[in-house]
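Chemist: need coordinates for the below:
(one chain, ligands or ions: 2)
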Amino acid sequence: MNRVIAPSILSANFENLKQDLLACEKAGADWIHVDVMDGHFVPNITFGPLIVEACKRSTSLPLDVHLMVEDPDSMIEAYAKAGADRLTVHQEACVHLDRTIQHIKSFNVKAGVSINPATSPIVLTEVIDQLDLVLVMTVNPGFGGQSFIPNSLKKIRTIRQEIRRLGLDTWLEVDGGISQATLPAVLEAGANAFVAGNAVFNHPEGIETAIRKIKEMF
Ligand code: DX5
Ligand code: ZN
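Modeler: Ligands and ions are numbered 1, 2, ... in the order given. I've put the predicted structure just below:
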């Protein structure tokens, strides 16, 4: 199975973001994960479209943009135009999820849907075949450096089974508390896209070693 690592720049050094992005690229990172937080859906505020534009100019890696916002529909166009290659919205934030997915696709951007730790994968049943990616939150969203929630493993297995049953090639991404320690369990459960913030950018041996060590486990 094809597997990808997506370093989350939430934990990067913003005094020199480009340097960190280049280190990711050099070490073989596959995507760059950008966590957009609006201070409403989650209790933190992070990146506007200007930062996504700056990332786009600084790296050739695809930008995997995770919208942790209350009203994703109002922001999709701005982030698509800023250079997002994939836009992931939260099911919990979308009253008309099907419409939101079509809205993302109308900009020729890949569409993802994320679910929080307390959300059942059942909510994805009617839309999974339209998605490029399902993102299972393995922490409660809002902050980097939190501990992995082991209960999410069952959910990852359930979604992997559904992807197989339907013969889809949807990415199954995990986000939160992913490190060399938690990777074996999520790999075994069937995830194939791995977001890592703290484990990459705060690794004692540096960004490149961190990414290489994770990729060796694939
Ligand atoms: C959490 C974010 C994550 C976060 C993961 O709300 O969606 O992408 O950066 O960070 P770590 O890997 O440090 O748990
Ligand atoms: Zn994220």
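Chemist: give the closest residue to Val123 in space, chain neighbours not counted.
Modeler: Counting by Cβ to Cβ, 6 or more residues apart in numbering, the nearest residue to Val123 once its immediate chain neighbours are dropped is Gln91, at 5.2 Å. Quick note: C-beta positions are derived from backbone N, CA and C, even for glycine.
Chemist: need the pLDDT of that neighbour.
Modeler: On the pLDDT scale, Gln91 is placed at 98.
Chemist: ligand 2 versus that one, what's the distance?
Modeler: The span separating Gln91 from ligand 2 equals 14 Å under the rule Cβ to the ion, to the nearest Å.
Chemist: can the helix or strand harbouring Leu87 be found next to ligand 1?
Modeler: Leu87 is part of strand 86-90 when elements are defined by DSSP states H and E. No - taking Cβ under 6 Å from any ligand atom as the criterion, strand 86-90 and ligand 1 are apart, separated by no less than 9.5 Å.
Chemist: quick one: buried residues of the helix or strand just after that strand?
Modeler: Scanning the chain past strand 86-90 towards its C-terminal end, the next helix or strand to appear is helix 97-105 (assignment: DSSP H and E). Under the neighbour-count criterion of 16 or more other Cβ atoms under 10 Å, helix 97-105 has Leu97, Thr100, Ile101, His103, Ile104, Lys105 buried.
Chemist: just these now: which is nearest Asp35?
Modeler: In terms of Cβ to Cβ, no member of the buried residues of helix 97-105 lies closer to Asp35 than Ile104, at 17.0 Å.
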